[in-house]
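> below: sequence and its predicted model.
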Amino acid sequence: MLNRAVALAGVGVLSCAAHADVIERFVSPDYVVTRDEAKHTRQLIHLTGKPVYFCGLNAFASWSAKLTGQSADPKTLDQLLVRAGWIQPSTLDEDAQAAITERRGGWACASAQEPFVLMHSTVDPQILASVALNESAFDGRAWPWTLNVAGQGFFFANRADAYAAIEYLLAQKRCDFDVGIMQVNWCYHASRFASPWDALAPRTNIAVAEDILNENYQKTKSVAKAVAYYHSASFGPGSAYLSRFVAHLKQIQAGL
């Protein structure tokens, strides 16, 4: 929601007349100047959430210029900025999760580990990011709308398309596929999710992967084996997987 309307030019605090206000300009992702054309007044409005500055303010200014003159609806402007990737809300709802992992707006310039910094709970985000790059890398970043079906990877443009593919596979009585940003296997782990749609949610998918990695660690008492076993407990495939993981970890630690 919009809050803290602050008057400009010393005219006092103004009420937010959304039906009459239009956007004049953005000062930053969290501050917008609106204009009431009927009353010839302006106000500075603070949007809730944290600005996403990974790409710098100029990138945001270029994007936001297209909104000049459009309605400054206080019920929708906040969420528009979240979906577009310029504001991080205090609670990462599904719009925010999609924006972060799809690298929209300011998230386009964030590091490969940033989604995992924000959405991890029990496993080091560098470990999670490195596993994810093994599993769902697309253009150097982990992609959330990914399926691997019997060893063949598929990248979808959005969550709805990935979900439709899962529904098709399930209708064919198949479970031999991996789901989401962490590529969790459906045959083995479907019971960990509330639904196929839920399995695609980045934060949920990451949480399940954390559970699996933690369980592997409890069995092996080894971080390396916990990572290798995420793919396979067999020495050959597990070792190859671990080698790729280490290469990704070095890239992340180097800030690449």
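Happy to help now that I have it. Numbers count the residues shown, from 1 in each chain.
> going forward, measure contacts and count neighbours with C-alpha atoms only.
OK.
> return the set of buried residues in the host helix or strand of H189.
Using DSSP states H and E, H189 falls within helix 186-189. By neighbour count on 16 or more other Cα atoms under 10 Å, the buried set for helix 186-189 is 186, 189.
> next secondary structure after that helix?
helix 196-200.
> secondary structure of R25: a helix, I assume?
No. With DSSP: H, G, I helix; E, B strand; the rest coil as the criterion, R25 is located in strand rather than a helix.
> any idea how far it is from A38?
Distance, R25 to A38, using Cα to Cα, to the nearest Å: 18 Å.
> can you check A199 too?
For A199 relative to A38 (Cα to Cα), the value is 49 Å.
> more neighbours: which of the two?
For the pair A199 and A38, the greater number of neighbours falls to A199 (24 against 8), based on other Cα atoms under 10 Å.
> quick one: residues contacting the more buried one.
Contact analysis of A199 by Cα atoms under 8 Å, 6 or more residues apart in numbering lists 179-180, 193, 205.
> quick check, nearest of those residues to A108?
Nearest to A108, judged by Cα to Cα, of the contacts of A199 is G180 at 19.3 Å.
> isn't D176 right up against V149?
Yes. Look at D176 against V149 with Cα atoms under 8 Å: they come within range, at 6.2 Å.
> where does the stretch 1-150 of the chain have low pLDDT?
1-20, 74 (pLDDT under 70).
> what about the strands in it?
2-7, 21-28, 31-36, 41-47, 50-51, 87-88, 137-138, 141-142, 146-149 (DSSP state E, counting those that start in this stretch).
> just checking, what packs against the last one?
In this case it means strand 146-149. strand 152-155, strand 177-179 (3 or more Cα pairs under 8 Å, 6 or more residues apart in numbering; DSSP states H and E).
> name every strand pairing with that strand and say which way it goes.
When pairs are called by DSSP bridges, strand 146-149 turns out to pair with strand 152-155 (antiparallel), strand 177-179 (antiparallel).
> winner for burial among those?
Most buried of the strands paired with strand 146-149, by mean neighbour count (mean count of other Cα atoms under 10 Å): strand 177-179, with a mean of 25.
> if we can go back for a sec, buried only: go through the contacts of A199 for me.
179-180, 205.
> ok, so of the residues you listed, who is nearest H248?
Distances from H248 to the buried ones among the contacts of A199, taken by Cα to Cα, are shortest for G180, at 18.6 Å.
> from K75, how far out is the closest one?
Separation of G180 from K75 (Cα to Cα): 31 Å.
> next one: Y31
15 Å.
> of the two, who's got more company?
Neighbour totals were compared for Y31 and K75, and Y31 leads with 17 against 11 (other Cα under 10 Å).
> residues near the spatially closest residue to that one that is not a sequence neighbour, how many?
Of all residues not flanking Y31 in the chain, H46 sits nearest, at 4.7 Å (Cα to Cα, 6 or more residues apart in numbering). H46 has 20 neighbouring residues, counting by other Cα under 10 Å.
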